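# From the sequence below, what's the structure:
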Amino acid sequence: MSKVDIRVVRDLSESKKRVMANVIQHLEQRPVKKYSRRWQYGLLAMILSVCIGLFVYLQYNDHQKQTSMIPPVLDERILELHLQKDAYMNRKNRLYRASFDSFLYLESTFAYAQSKKLIPSQEQVDKELELLMEGFSNETQPTMNERLQMLQITKEDFSSKYAKPIAYKMATVNLLMEASRVEYENTSDPIRMWFVEQKAMNYLKQHYHKDVASLQGKYRIPEKESQMMWKRSGTVLAIKEHEFLVVSGVMDSEIGQLSADELVKKHSNGTWFPLANVPKTLSVGDRVQVQYSQAIGNDGSQPIIDFKDIVGLRIVEEY
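Residues are numbered from 1 along each chain as shown. Just a heads-up that it's a prediction; the model follows:
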């Protein structure tokens with residue numbers, strides 16, 4: 001048996017103890033694994049998905065409800081009312097051309113407003129409905145009771161079937177006219193509205209010309225008679241972005257010596273025309289002849305000022 005140094009054995013025993021102590025200490029210092037909470041995140045995700053789904057559903061339902069309230073373009077119910085009134089007057093069950101034109105005016109401006117995504121509030125529609133029903137109630141040819149008897153409906157049904165669609169359209173057109181103030185800033189109201197109406201009618205012709213032709217045939221609407229044309233001669237005294245002013249009787253020597261307002265007062269006349277269908281060279285001081293078909297408004301503060309549409313313009317003499 002070999003001899004073993006007892007000190008070496010004792011040193012090995014002590015080393016083993018130190019290793020064991022270090023292992024135990026390491027185990028004690030290890031962080032305790034926390035209990036997983038992944039199930040909570042799953043629950044939250046599920047709740048969020050349900051909320052989003054409910055929101056989308058409610059939005060869709062609201063959109064469907066609003067869509068169902070929007071009357072169609074070229075709504076024949078409105079033509080029925082025009083025909084009812086015209087037939088009462090002519091006793092021939094015939095729709096007048098003027099009534100058809102009035103119908104196209106409302107439908108064109110409504111369609112154009114829709115193209116601009118304009119949607120009235122319920123309050124705005126209700127306000128127009130109240131005014132509209134008041135107007136129907138004040139009619140005498142036919143009276144409201146006579147209308148109801150001919151249609152064989154109650155006043156409530158009349159409001160729902162006929163008046164509400166018109167009220168919705170009128171409220172929408174009001175939004176269009178109000179929005180046009182931005183595009184036609186610093187433009188007189190009659191000229192601004194003329195431009196909007198021209199754009200609206202062009203929009204209707206572009207997108208609904210077949211439907212209009214179909215209705216015209218169905219209701220036997222005669223072709224539009226050629227309009228009477230009128231001419232206005234004078235001197236251009238002001239040109240703005242969308243309109244120009246013509247005054248008759250102005251002498252060349254007065255131009256630049258007196259302001260446009262002073263010349264209007266001196267010669268007691270002045271007409272604003274839309275700045276459309278005119279030569280690009282048109283300048284203040286030019287003598288012109290303007291062709292127009294109708295008056296489109298007047299200035300309440302200045303009775304000698306009026307507004308007319310425009311068909312064409314010829315420069316008689318450049319300034």
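
# rest of the way, CA atoms for contacts and neighbours
OK.

# Measure how far the helix or strand where His209 lies is from the centre of its chain, please.
Following DSSP states H and E, the helix or strand that holds His209 is helix 189-218. Centre-to-centre, helix 189-218 and its host chain are 15 Å apart (Cα atoms, centre = their mean, to the nearest Å).

# Counting neighbours, which bits of that helix end up buried?
Using 16 or more other Cα atoms under 10 Å as the test for burial, helix 189-218 gives 189-197, 200-201, 203-204, 208.

# cool, stretch 250-262 as well?
By neighbour count on 16+ other Cα under 10 Å, the buried set for stretch 250-262 is 250, 255, 260.

# Sitting in helices, which of those do you find?
Using DSSP state H to define helices, the subset of those located there is Ala260.

# how about the buried residues of stretch 250-262 in JSON lines, adding pLDDT and distance to Leu106?
Output for the buried residues of stretch 250-262, formatted as JSON lines (pLDDT from 0 to 100; distance: Cα to Cα, whole Å):
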{"residue": "Val250", "pLDDT": "97", "distance to Leu106": "40"}
{"residue": "Ile255", "pLDDT": "94", "distance to Leu106": "43"}
{"residue": "Ala260", "pLDDT": "96", "distance to Leu106": "36"}
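
# ok, of the buried residues of stretch 250-262, which one's closest to Lys164?
Taking Cα to Cα as the measure, Lys164 lies nearest Ala260 of these, at 46.7 Å.

# Identify the residues contacting that closest one.
237-238 (Cα atoms under 8 Å, 6 or more residues apart in numbering).

# if you set the cut-off to 10 Å instead, what comes out?
Counting by Cα atoms under 10 Å, 6 or more residues apart in numbering, Ala260 touches 236-238, 245-247, 254, 266, 270.

# In PyMOL, how would I select the buried members of those residues?
Remark: buried members of the contacts of Ala260, expressed as a PyMOL selection using 16+ other Cα under 10 Å:
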select buried, resi 236+237+238+245+246+247+270
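
# returning to that earlier point: format the buried residues of helix 189-218 as a markdown table; extra columns: distance to Lys231.
As requested, the buried residues of helix 189-218 are arranged in a markdown table below (distance: Cα to Cα, whole Å):
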| residue | distance to Lys231 |
| --- | --- |
| Asp189 | 22 |
| Pro190 | 19 |
| Ile191 | 18 |
| Arg192 | 22 |
| Met193 | 22 |
| Trp194 | 19 |
| Phe195 | 20 |
| Val196 | 24 |
| Glu197 | 22 |
| Ala200 | 26 |
| Met201 | 24 |
| Tyr203 | 28 |
| Leu204 | 29 |
| Tyr208 | 33 |
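
# Dump those residues to a markdown table, plus pLDDT.
Putting those into a markdown table (pLDDT from 0 to 100) gives the following:
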| residue | pLDDT |
| --- | --- |
| Asp189 | 96 |
| Pro190 | 97 |
| Ile191 | 97 |
| Arg192 | 98 |
| Met193 | 97 |
| Trp194 | 98 |
| Phe195 | 98 |
| Val196 | 98 |
| Glu197 | 97 |
| Ala200 | 98 |
| Met201 | 98 |
| Tyr203 | 98 |
| Leu204 | 98 |
| Tyr208 | 97 |
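
# Which of the contacts of Ala260 fall within helices?
In helices, judged by DSSP H, the following of those are found: Lys266.

# Reformat the contacts of Ala260 as TSV; add pLDDT.
TSV is the format used below for those (pLDDT from 0 to 100):
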residue	pLDDT
Val236	98
Leu237	97
Ala238	97
Leu245	98
Val246	98
Val247	98
Glu254	96
Lys266	97
Gly270	97
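
# wait, which of the contacts of Ala260 is closest to Gln152?
So of the contacts of Ala260, ranked by how close each gets to Gln152 (Cα to Cα), first place is Gly270, at 52.0 Å.

# which helices and strands does the helix or strand Asp126 falls within pack with?
When elements are assigned from DSSP H and E, Asp126 belongs to helix 122-138. Helix 122-138 makes packing contacts with helix 144-151, helix 164-183 when contacts are defined by 3 or more Cα pairs under 10 Å, 6 or more residues apart in numbering; DSSP states H and E.

# deepest of the ones you listed, which one?
Mean neighbour counts were taken over the helices and strands packed on helix 122-138 using mean count of other Cα atoms under 10 Å, and the top value, a mean of 19, falls to helix 164-183.

# where does this protein have low pLDDT?
Across the chain, the ranges flagged by pLDDT under 70 are 1-43, 45, 53-68.

# can you list the domain ranges for it.
In the assignment given by automatic domain parsing, the structural domains of the chain cover 76-218, 230-317.

# do you know which of the ones you listed lies nearest Met46?
Among the domains of the chain, domain 76-218 comes nearest to Met46, with 35.5 Å by Cα to Cα.

# can you give me the offset of that closest one from its chain's centre?
Per Cα atoms, centre = their mean, the centroid offset for domain 76-218 relative to its chain is 15 Å.
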